[in-house]
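A.B. asks: Below are the sequence and a predicted model; questions follow.
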Amino acid sequence: MSDTRATPIPVIEEEVAGIAFNAEGLVPAVVQEAGTGRVLMMAWVNAESLRRTLETGRTWFWSRSRQEYWCKGETSGDRQWLREAYYDCDGDTLLFVVEQDGAGACHTGNYSCFYRSFGGSAEAR
């Protein structure tokens with residue numbers, strides 16, 4: 001289903017083929033909020049979920065525990081709308097820049113999955 005908030009990005013198979021997926025066929029994808037630059041979450045992506053993300057303008061991931069694809073927000077309503085997608089110099093990490101919809105990215109109810117800090121400093125918000 002298409003949504004006017006989605007920003008599909010053309011899939012170039014040569015770029016997908018250049019990604020250095022690990023032995024399980026996965027690569028980490030960092031999700032960053034457009035506008036603020038805040039890191040919201042990290043999840044695993046395989047070639048198919050990368051294609052789905054680019055084609056639909058929504059973030060798709062591979063669940064290692066459930067062994068299935070999941071589109072962020074389909075259960076919670078906290079959807080992510082892709083704005084930009086990058087891969088790093090080694091091709092072994094992805095970066096999705098998104099507009100976060102709803103209460104946030106973390107399944108705990110926090111806006112970002114990175115709400116805890118080391119060293120006893122106050123928790124991030």
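C.D. replies: Arrived safely.

A.B. asks: For the chain, which residue occupies the most central location?
C.D. replies: residue 31 (4.4 Å; C-alpha atoms, centre = their mean).

A.B. asks: tell me the secondary structure for that residue?
C.D. replies: Three-state assignment for residue 31 (DSSP: H, G, I helix; E, B strand; the rest coil): strand.

A.B. asks: for the chain, longest helix please?
C.D. replies: What stands out as the longest helix in the chain, according to DSSP state H, is helix 47-56.

A.B. asks: buried sites along that one?
C.D. replies: Using 16 or more other C-beta atoms under 10 Å as the burial criterion, the residues of helix 47-56 that qualify are 47, 49, 50, 52, 53, 54, 56. Using the backbone N, CA and C atoms, a C-beta is placed for each residue, glycine as well.

A.B. asks: Strands along this protein, start to end?
C.D. replies: 27-33, 39-45, 60-63, 68-71, 80-87, 94-100 (DSSP state E).

A.B. asks: quick one: which of those strands is nearest residue 20?
C.D. replies: strand 27-33 (6.9 Å; C-beta to C-beta).

A.B. asks: give me the low-pLDDT residue ranges for this structure?
C.D. replies: Across the chain, the ranges flagged by pLDDT under 70 are 1-3, 121-125.

A.B. asks: do that again at 80, thanks
C.D. replies: 1-4, 120-125 (pLDDT under 80).

A.B. asks: before we move on, the earlier item: how near is the residue nearest to the centre of the chain to residue 59?
C.D. replies: Counting by C-beta to C-beta, to the nearest Å, the gap from residue 31 to residue 59 is 6 Å.

A.B. asks: Overlap in contacts, the two.
C.D. replies: Residues touching both residue 31 and residue 59 (C-beta atoms under 8 Å, 6 or more residues apart in numbering) are 43, 72, 80, 96, 98.
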